[in-house]
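S.K.: need coordinates for the below:
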Amino acid sequence: MRSPAALFLALVFSGCGGSRATSSASASASAAAAVAHNPASASDGAVVYINNCSSCHQPDGTGIPGAFPPLAANAAVTGSPVAAIAIVKDGLEGRIVVDGHVYSGIMPRWNGVLTDEQIADVLTYIRSSWKNRASAVSISDVEAVK
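M.R.: Residues are numbered from 1 along each chain as shown. A predicted model of the protein is given here:
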């Protein structure tokens, strides 16, 4: 029987191809490290993150200057989970400032695209990765945010 980390790595590598192999390898290494430290829903959240979030927020959570804010060391990510849940569910558009830097990208609305369980898993992964140390997010936490 395969371990959750091995299954995760198999999923990540099965999607690799051509010039994306280096980026995917880096992403999988980052995700695998987080899974090792938080193996519960973080492993499922890592898969959701790599597939849906990493192209904008980057595999290491550093974001893209001026467009997509970092998730690493971001108080909006590690503070109350209610704000982070609302952003993931409803999206966000317009100018925001994170750690003194201005961003003006568009965060898509994921409600209806991702399940409440996937939203809880990806937020748990983000809140416990890249030196972020915040509590897990439960499905009931996500369901409570309308």
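
S.K.: okay, A33: pLDDT?
M.R.: In this model, A33 is scored at 53, pLDDT.

S.K.: over to H37?
M.R.: pLDDT, H37: 48.

S.K.: need the phi and psi values for the residue most central in space within the chain.
M.R.: With distances taken as CA atoms, centre = their mean, the residue of the chain nearest its centroid is Y49 (4.0 Å). Dihedral angles of Y49 (phi, psi; degrees, to the nearest 10) stand at phi -60, psi -50.

S.K.: any buried residues in stretch 122-141, and which?
M.R.: 122-130, 132, 134, 136-138, 141 (16 or more other CB atoms under 10 Å). Every residue, glycine included, has its C-beta placed from N, CA and C.

S.K.: so which of these are in helices?
M.R.: Per DSSP state H, helices hold the following members of the buried residues of stretch 122-141: V122, L123, T124, Y125, I126, R127, D141.

S.K.: residue contacts, the closest residue to the fifth one other than its chain neighbours?
M.R.: Counting by CB to CB, 6 or more residues apart in numbering, the nearest residue to I126 once its immediate chain neighbours are dropped is L71, at 5.2 Å. For L71, the contacting residues are C53, H57, G61, G63, V77, I126, S129, W130, N132, taking CB atoms under 8 Å, 6 or more residues apart in numbering as the criterion.
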